[in-house]
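Asker: Any chance you can model this:
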Amino acid sequence: MLRRTLFTLAAAIATAASTATPAMAAGFPDGPVTMMVGFGAGGMTDTSSRIMAEELATQLGTKVLVENKPGAGGLLAIKATDALPADGQTMVSFLTEGPFTAAYQGEPLDLARWSIVGGYMPQERVLFAAASAPFSTFEEMVAYAKETPITFADGGSFWSSRVVEAYAKKHDLTIRLVPFRSGAEGSAAILGGHVTTAETGVGTSAWHAAREGGLKILATLTPGGLAQFGYPDVPSLDQRDADYVARVYYGYAVRADTPADVLEKLRAAFKAAVEAPAVQEKLKAIDLTPQWIEPAEYEEVLQSVTKDAQELRDYLKE
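Answerer: Okay, here's the model as predicted:
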């Protein structure tokens, strides 16, 4: 039996969080700070980062710019940032997706080259069916896909798509993956009825369409289900004999050789931004779940992600 991968991450909540703007390291910031986003405009990484940037600008006392450099599950942005000076002026989105993708492709990231500024959000991943699909529940989808091929929009989370692929392999389902360049494209495809199923995260356009009855919510690829969003009967994959599950965590990182005092101030500003009432309100308004995740905890998860990506790759290539 393959090891079932369950990621749980407790949010570290400070007992006495200060609301004061953190004192800056001498000479930092030296001009605008850039948040390099490894995903396209309009996605959840972009949207949440722009909300964070507004508060970070206040905390850092300078402009905070958001620059999109999408591609390869966030890896293009990570590689681009790796080539920049390690001065803290640029931080890069460091979702669990990037290390997973790199490890799955046989070129794991050297995590020792990076220091986590902080994590700020977990995100449940959801499996949807088109409104016109001939099934309305996960169980009905499984029964249908054993007899008739269905299509799946492969363009959101690389990790989540591989989890769907592994489930289909284990249970003899015929699911044809249709590639898309982004989750936004995959969402548009299922909303347009061009594919039967798709996966994306809570808070996305597909999620809100489903909330309004435009799509069917079949299951969550994340342990724990969706009861907190009002869907207590929607199963999670680990409740349906899955050996793998997926969950995306959002965070930012800088080069590991960034000066210690600069990293300390970035972390303090980032934590204050995550916990700011305005940020909490804006993210929760779109069904996201902002919470401060300690760098050490986040780094532990990244180490686990690398191992699980390799195991999942080996299974799918058997």
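
Asker: hey, C-alpha coordinates of stretch 291-304 in CSV?
Answerer: Extracted C-alpha coordinates of stretch 291-304, given in CSV (Å, rounded to 0.1, in the frame of the first residue of the first chain):
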residue,chain,number,x,y,z
GLN,A,291,-3.2,32.8,8.6
TRP,A,292,0.4,33.3,9.6
ILE,A,293,2.6,30.2,9.1
GLU,A,294,6.0,30.3,10.8
PRO,A,295,9.0,30.0,8.5
ALA,A,296,10.3,26.9,10.3
GLU,A,297,7.0,25.1,9.9
TYR,A,298,6.7,26.0,6.2
GLU,A,299,10.2,24.8,5.6
GLU,A,300,9.4,21.4,7.1
VAL,A,301,6.4,21.1,4.7
LEU,A,302,8.6,21.9,1.7
GLN,A,303,11.0,19.1,2.7
SER,A,304,8.0,16.6,2.8
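
Asker: all strands of the stretch 1-150 of the chain, in order?
Answerer: 33-37, 64-68, 90-93, 114-123, 125-130, 150-154 (DSSP state E, counting those that start in this stretch).

Asker: Pipe the ones you listed into CSV and attach mean neighbour count, mean pLDDT and distance to E139 per row.
Answerer: Quick note: C-beta positions are derived from backbone N, CA and C, even for glycine. Listed next are these as CSV, based on neighbours: other CB atoms under 10 Å; pLDDT from 0 to 100; distance: least, CB to CB, whole Å:
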stretch, mean neighbour count, mean pLDDT, distance to E139
strand 33-37, 22, 98, 38
strand 64-68, 18, 98, 39
strand 90-93, 25, 98, 36
strand 114-123, 25, 97, 25
strand 125-130, 25, 97, 12
strand 150-154, 22, 94, 14
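
Asker: Would you reformat those as TSV and include distance to Q280?
Answerer: Output for these, formatted as TSV (distance: least, CB to CB, whole Å):
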stretch	distance to Q280
strand 33-37	18
strand 64-68	18
strand 90-93	20
strand 114-123	10
strand 125-130	22
strand 150-154	31
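
Asker: how about those strands, which one is nearest L75?
Answerer: strand 90-93 (10.2 Å; CB to CB).

Asker: residue contacts, Y167?
Answerer: L173, L237, A242, Y244 (CB atoms under 8 Å, 6 or more residues apart in numbering).

Asker: Closest one to F128 out of those, please.
Answerer: Using CB to CB, these come closest to F128 at L237, 13.7 Å.

Asker: domains in this structure, as residue ranges please.
Answerer: The chain is divided into the following domains under automatic domain parsing: 33-123+248-316, 125-239.

Asker: need the ones you listed in TSV with distance to G27, can you?
Answerer: Output for these, formatted as TSV (distance: least, CB to CB, whole Å):
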stretch	distance to G27
domain 33-123+248-316	9
domain 125-239	37
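
Asker: All the helices of the stretch 151-300 of the chain, residue numbers only.
Answerer: Assigned by DSSP state H, counting those that start in this stretch, the helices in the stretch 151-300 of the chain fall at 158-170, 183-191, 205-211, 260-275, 277-284, 295-316.

Asker: Kindly provide the whole-number mean pLDDT of the last one.
Answerer: This points to helix 295-316. Averaging pLDDT along helix 295-316 gives 94.

Asker: how big is the angle separating it from strand 114-123?
Answerer: Relative orientation of helix 295-316 and strand 114-123, computed by axes from the mean of the first three to the mean of the last three CA atoms, to 10 degrees: 70 degrees.

Asker: Now do helix 295-316: distance to the chain's middle.
Answerer: Here helix 295-316 shows a centroid-to-chain-centroid distance of 14 Å under the convention CA atoms, centre = their mean, to the nearest Å.

Asker: For that helix, buried residues please.
Answerer: 295, 297-299, 301-302, 305-306, 308-309, 311-313, 315 (16 or more other CB atoms under 10 Å).

Asker: so who does the spatially most central residue of the chain touch?
Answerer: Nearest residue to the geometric centre of the chain (CA atoms, centre = their mean): V248, 3.4 Å. Each residue near V248 by CB under 8 Å, 6+ apart is listed here: L95, T96, E97, P122, Q123, R125, S157, W159, S160, G201.

Asker: so what's it closest to, chain neighbours aside?
Answerer: Q123 (4.7 Å; CB to CB, 6 or more residues apart in numbering).

Asker: thought V126 was touching G203?
Answerer: No - between V126 and G203 there is no contact under CB atoms under 8 Å: 10.0 Å.

Asker: circling back to that earlier point, which among the strands of the stretch 1-150 of the chain is found nearest to A276?
Answerer: strand 114-123 (11.0 Å).

Asker: what's the helix or strand of the chain with the lowest mean pLDDT packed up against?
Answerer: Least confident helix or strand, the chain: helix 183-191 with a mean of 88, by mean pLDDT, DSSP states H and E. For helix 183-191, the packing partners by 3 or more CB pairs under 8 Å, 6 or more residues apart in numbering; DSSP states H and E come out as strand 125-130, strand 150-154, strand 197-201, helix 205-211.
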